[in-house]
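K.L.:
coordinates for the following, if possible.
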Amino acid sequence: ADLPVAGAAPEWMSEKAISIGHYFVASGVYTVFGVTFPSVEGTKFHKLLFEGLEELGFGKWGFAKDPIEMAHMMIAHIDKKREALGIMGPRERKLFDMADRRALD
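P.N.:
Residues are numbered from 1 along each chain as shown. Here you go, the predicted model:
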């Protein structure tokens, strides 16, 4: 759940899409669903899916009808997780050759 990743199910096709998406959520992945989400907003179950699972260490569901909004939600989530891991900004990269590697031993 700490990895900076996100999944998307942009269109409701069948119950199978929810099952696959929930596998991702249970695996710790933030998953954004589009068009419609088959739960009743304002219920305890809906709150669990969209907030509570993340508090328990799983991923969570997101929902947006607009694909651009979905992309922004996913990018914001990835940025939040990258920042939490301390990998947000550019870093100097150094390539090592074998001589450099032997010097480290």
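K.L.:
could you use CA atoms for every contact and neighbour count after this?
P.N.:
Noted.
K.L.:
and the helices in the chain, which stretches?
P.N.:
Taking DSSP state H, the helices of the chain run over residues 15-26, 44-47, 53-55, 67-85, 98-104.
K.L.:
could you dump those helices into a markdown table and include mean pLDDT, mean neighbour count and distance to Asp2?
P.N.:
A markdown table is the format used below for the helices of the chain (pLDDT from 0 to 100; neighbours: other C-alpha atoms under 10 Å; distance: least, C-alpha to C-alpha, whole Å):
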| stretch | mean pLDDT | mean neighbour count | distance to Asp2 |
| --- | --- | --- | --- |
| helix 15-26 | 87 | 16 | 12 |
| helix 44-47 | 88 | 14 | 21 |
| helix 53-55 | 87 | 15 | 10 |
| helix 67-85 | 93 | 15 | 6 |
| helix 98-104 | 72 | 8 | 31 |
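K.L.:
okay, those helices in JSON lines with distance to Phe37 next?
P.N.:
Formatted as JSON lines, those follow (distance: least, C-alpha to C-alpha, whole Å):
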{"stretch": "helix 15-26", "distance to Phe37": "9"}
{"stretch": "helix 44-47", "distance to Phe37": "10"}
{"stretch": "helix 53-55", "distance to Phe37": "16"}
{"stretch": "helix 67-85", "distance to Phe37": "13"}
{"stretch": "helix 98-104", "distance to Phe37": "53"}
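K.L.:
just the C-alphas of stretch 51-64, formatted as PDB.
P.N.:
What follows is stretch 51-64 as a C-alpha-only set of coordinates in PDB (Å, rounded to 0.1, in the frame of the first residue of the first chain):
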ATOM      1  CA  GLU A  51     -11.900   5.700   3.100                       C
ATOM      2  CA  GLY A  52     -11.800   2.900   5.600                       C
ATOM      3  CA  LEU A  53      -9.900   0.300   3.700                       C
ATOM      4  CA  GLU A  54      -6.900   2.600   3.300                       C
ATOM      5  CA  GLU A  55      -6.900   3.200   7.100                       C
ATOM      6  CA  LEU A  56      -6.700  -0.600   7.500                       C
ATOM      7  CA  GLY A  57      -3.600  -0.800   5.300                       C
ATOM      8  CA  PHE A  58      -5.200  -1.700   2.000                       C
ATOM      9  CA  GLY A  59      -5.700   0.400  -1.100                       C
ATOM     10  CA  LYS A  60      -8.800   2.400  -1.700                       C
ATOM     11  CA  TRP A  61     -11.400   3.100  -4.300                       C
ATOM     12  CA  GLY A  62     -11.700   6.400  -6.100                       C
ATOM     13  CA  PHE A  63     -14.500   7.500  -8.400                       C
ATOM     14  CA  ALA A  64     -14.900  10.100 -11.200                       C
END
